[in-house]
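>>> Model the structure of this input:
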Amino acid sequence: MSVQSYIKDNQHRLSGLLHEFVKVPTVNPPGENYEKFVAILEAECLELGMKTKIVNVPKRRADQVISNASSHPRFNLIARWDVGAEKTVHFNAHYDVVPVSGEWRFDDPFSGKIEGEWLYGRGSDDMKDSIAALLFAIYAVQKSDVEPLFNIEISFTCDEETGGQLGAGYIVEKGLVNADYVVNCEGGSEMNIGNGHNGVLWLKIEVQGKAAHGSQPDKGINAFEKTAELVSALQRVKRDLKLPDRAFKLPDGGERYPTINIGGTFRGTEGDKVNTVPAGLTFSIDRRVTPNEKLEFAELDLREAISGACEYYPDLKADVQAILRIEPCLTDPDSPLAQAFANAVRTVRYNQPKFKSTAGFTDLHYFVNAGLPAIGYGPKGEGGHAINERVYIPDLVKTAAIYATFMTRAEL
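Modelled structure (predicted):
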């Protein structure tokens with residue numbers, strides 16, 4: 001039986017594996033159930049005969065990035081199947097998921113419930129589906145009595161949803177990736193293979209006011225009103241991002257523009273109440289940097305706009321802190337890795353795939369910055385970071401088949 005036939009005939013086992021993964025809420029922040037889930041993943045890898053290593057990020061290192069390292073330690077898993085080949089391909093997937101909000105179709109957002117051809121639950125699309133597809137691809141290769149043409153190394157890493165410094169960033173930093181090529185198991189799907197991603201700049205803006213009694217507002221400085229003035233000034237930056245010369249030309253002829261999202265998070269102070277003049281307000285800026293931009297110039301543009309607004313509006317004072325900086329990333333679609341993976345996609349999907357960078361960011365840049373040829377590819381789902389997140393099971397099956405085909409046919 002071929003690898004593809006085995007996966008198709010046993011897709012209920014693949015869905016069952018993902019169902020069990022989704023049931024463990026590895027929510028980040030704060031970083032729940034990391035140790036428990038890594039233990040589950042290690043057990044799966046050991047059952048496949050892989051050598052494993054759990055990497056516990058030292059608290060002193062984690063303290064540099066997060067504030068809850070004592071209560072929520074960070075764990076990563078490295079696994080390896082060495083078949084004695086000359087080349088090694090590293091597969092990476094993150095296991096953390098974003099928090100849940102809103103009203104879901106099913107009461108439990110971590111149910112992993114299957115309805116028709118869809119499996120629902122937080123992490124079903126981003127990205128425990130890729131973890132299940134990858135592990136089942138290896139299982140199918142072994143059951144089909146064929147060997148991969150390269151050694152397989154895997155990392156299951158934490159914290160991608162908050163920047164990945166203690167996940168993929170940490171294992172690369174510590175030299176724990178021993179491979180020639182990397183497949184990051186997201187950033188592309190269906191007929192699109194990911195060859196890069198936008199950069200990101202996250203800023204925290206603290207606007208200072210002056211508290212006063214609500215009956216005498218003239219004695220205070222209203223931080224909410226000052227924030228409104230600042231946000232109004234930032235609309236110029238937002239408009240400028242849509243100018244024709246800001247467009248990034250995609251390989252398929254399309255265009256992508258830089259974006260800015262203001263106020264993804266915002267809060268006042270603990271002393272706020274109806275009859276007080278607010279003394280402070282904090283909000284976030286999420287600036288996505290296209291591959292034709294430089295992150296440092298994007299940040300400079302924002303800081304100058306904020307500084308200019310503070311000079312223009314009386315009593316407007318704002319502090320700016322960068323909380324995440326990730327440069328945009330592009331890889332070569334003509335590399336041996338990219339072309340070999342494209343052949344696997346074409347074999348399973350009977351069509352010619354395209355290369356496309358994603359508007360979001362993934363952990364791909366950590367590997368690319370280390371000099372490793374890399375691409376991104378995973379199953380197609382819906383609702384990632386939103387309500388009713390779900391993955392299309394037929395596409396989950398095809399993705400597992402693509403991974404397995406790549407393992408057994410790619411000559412690198």
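>>> His12 belongs to a helix?
Yes: applying DSSP: H, G, I helix; E, B strand; the rest coil, one finds His12 inside a helix.
>>> who are the neighbours in contact with it?
For His12, no contacting residues are found, by C-beta atoms under 8 Å, 6 or more residues apart in numbering. C-beta coordinates here come from the backbone N, C-alpha and C atoms, glycine included.
>>> so how far is Ile393 from it?
Separation of His12 from Ile393 (C-beta to C-beta, to the nearest Å): 10 Å.
>>> Repeat that for Glu206.
In terms of C-beta to C-beta, Glu206 sits 46 Å off from Ile393.
>>> okay, these two: which has more neighbours?
Neighbours were counted for Glu206 and for Ile393 using other C-beta atoms under 10 Å; Ile393 has more, 21 against 15.
>>> residues in contact with that one?
Gln11, Ser15, Ile114, Glu117, Trp118, Leu119.
>>> what do you get if the cut-off is 10 Å, keeping everything else the same?
Residues near Ile393 by C-beta atoms under 10 Å, 6 or more residues apart in numbering: 11-12, 14-15, 18, 114, 116-119, 124, 129, 379.
>>> now swap in Phe150 and tell me
Contacts of Phe150 (C-beta under 10 Å, 6+ apart): 81, 83, 85-89, 179-181, 340, 406-408, 410-412.
>>> Among those, which lie within helices?
Ala340, Phe406, Met407, Thr408 (DSSP state H).
>>> Please enumerate the strands of the stretch 151-300 of the chain.
All strands of the stretch 151-300 of the chain, identified by DSSP state E, counting those that start in this stretch, fall at 151-157, 181-184, 192-197, 199-208, 212-213, 248-249, 255-256, 259-267, 276-277, 280-289.
>>> hang on, isn't Leu330 packed against His197?
Yes: between Leu330 and His197 there is a contact under C-beta atoms under 10 Å: 8.6 Å.
>>> out of these two, which sits in the busier spot?
Counted by other C-beta under 10 Å, Leu330 and His197 do not tie: His197 has more neighbours, with 30 against 16.
>>> how near is that one to Ile375?
As judged by C-beta to C-beta, His197 and Ile375 stand 11 Å apart.
>>> Give me the common contacts of these two.
What both His197 and Ile375 touch, as defined by C-beta under 10 Å, 6+ apart, is the set Asn184, Gly187, Gly188, Thr331, Leu364.
>>> Save the ones in helices among the contacts of Phe150 as a markdown table, and put in pLDDT and neighbour count too.
Formatted as a markdown table, those follow (pLDDT from 0 to 100; neighbours: other C-beta atoms under 10 Å):
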| residue | pLDDT | neighbour count |
| --- | --- | --- |
| Ala340 | 98 | 19 |
| Phe406 | 98 | 27 |
| Met407 | 98 | 26 |
| Thr408 | 97 | 20 |
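>>> List just the nearest of the residues you listed to Asn222.
Taking C-beta to C-beta as the measure, Asn222 sits nearest to Phe406 out of those, at 58.5 Å.
>>> who touches the closest one in this structure?
So Phe406 contacts 89, 91, 137, 148-150, 183, 337, 340-345, 347-348, 377, 412 (C-beta under 10 Å, 6+ apart).
>>> sorry, back to before: deepest of the strands of the stretch 151-300 of the chain, which one?
The highest mean neighbour count among these, using mean count of other C-beta atoms under 10 Å, belongs to strand 181-184: a mean of 28.
>>> I'd assumed Glu382 was in contact with Arg390.
Yes: with contacts counted by C-beta under 10 Å, Arg390 reaches Glu382, the gap being 5.5 Å.
>>> neighbour count winner among these two?
Neighbours per residue (other C-beta under 10 Å) separate Arg390 from Glu382, with Arg390 holding more: 21 against 14.
>>> Give me the distance between that one and Pro25.
To Pro25, Arg390 is 16 Å away according to C-beta to C-beta.
>>> just Asn92 next, same as before
Distance from Asn92 to Pro25, by C-beta to C-beta: 22 Å.
>>> cool, Val3 as well?
Counting by C-beta to C-beta, the separation of Val3 from Pro25 is 32 Å.
>>> what about these two, which has more around it?
Shown here are Val3 and Pro25; by other C-beta under 10 Å, Val3 has more neighbours (23 against 18).
>>> got the end-to-end distance for stretch 49-58?
Stretch 49-58 has an end-to-end distance of 28 Å (criterion: C-alpha to C-alpha, to the nearest Å).
>>> oh sorry, the question was meant for stretch 64-84
When the termini of stretch 64-84 are compared using C-alpha to C-alpha, they are 39 Å apart.
>>> which residues are common contacts for Leu330 and His197?
In terms of C-beta under 10 Å, 6+ apart, Leu330 and His197 are both contacted by the residues Pro291, Ser357, Leu364, His365, Val368.
>>> which residues do Arg390 and Glu382 both contact?
Trp118, Tyr120, Ser124, Asp125.
>>> Next up, phi/psi of the first one, please.
This means Trp118. With angles defined as degrees, to the nearest 10, Trp118 sits at phi -120, psi 140.
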